[in-house]
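Q: can't give you the sequence, but here's the structure:
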């Protein structure tokens with residue numbers, strides 16, 4: 001009879017340990033799930049911040065580029081005007097030379 005009590009106690013202890021292991025595994029899984037979700041959320045938040053910074057930088061670069069385009073357009077207009085004046089001067093010189101030769 002004593003042996004059956006001991007067997008029953010052993011079995012109860014084994015069952016209790018088994019339930020504890022199950023709870024520990026479940027808790028561990030839920031803890032890991034929460035932890036991984038937190039890491040994913042943190043990574044997404046960080047990526048969102050990086051993208052926002054990149055967009056801000058792109059807007060700043062766009063402003064700089066637009067200013068440079070205006071400066072380039074002004075420079076082009078000055079060069080075209082200078083070229084046109086030089087062409088007119090050359091034409092006048094040719095006409096003057098032609099009149100002087102006649």
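A: Nice, I can see it. Owing to the predicted nature of the structure, the values given are computational and were not obtained by experimental measurement.
Q: just the helices in this structure please.
A: 2-101 (DSSP state H).
Q: Under the pLDDT cut-off, which ranges of it? List them.
A: 1-11, 14-35, 102 (pLDDT under 70).
Q: Kindly recompute the last result at 90.
A: Of all residues in the chain, those with pLDDT under 90 make up the ranges 1-42, 94-102.
Q: count of neighbours near residue 78?
A: Per other CB atoms under 10 Å, the neighbour tally for residue 78 reads 10. All C-beta spots, glycine's among them, are computed from the backbone N, C-alpha and C.
Q: so how far is residue 48 from it?
A: Distance, residue 78 to residue 48, using CB to CB, to the nearest Å: 46 Å.
Q: ok, residue 38 to residue 80 distance?
A: 62 Å.
Q: Please disregard the earlier target; I meant residue 97.
A: 26 Å.
Q: same question, residue 91
A: Applying CB to CB to residue 91 and residue 80 gives a distance of 16 Å.
Q: Likewise for residue 101?
A: Residue 101 sits 31 Å away from residue 80, going by CB to CB.
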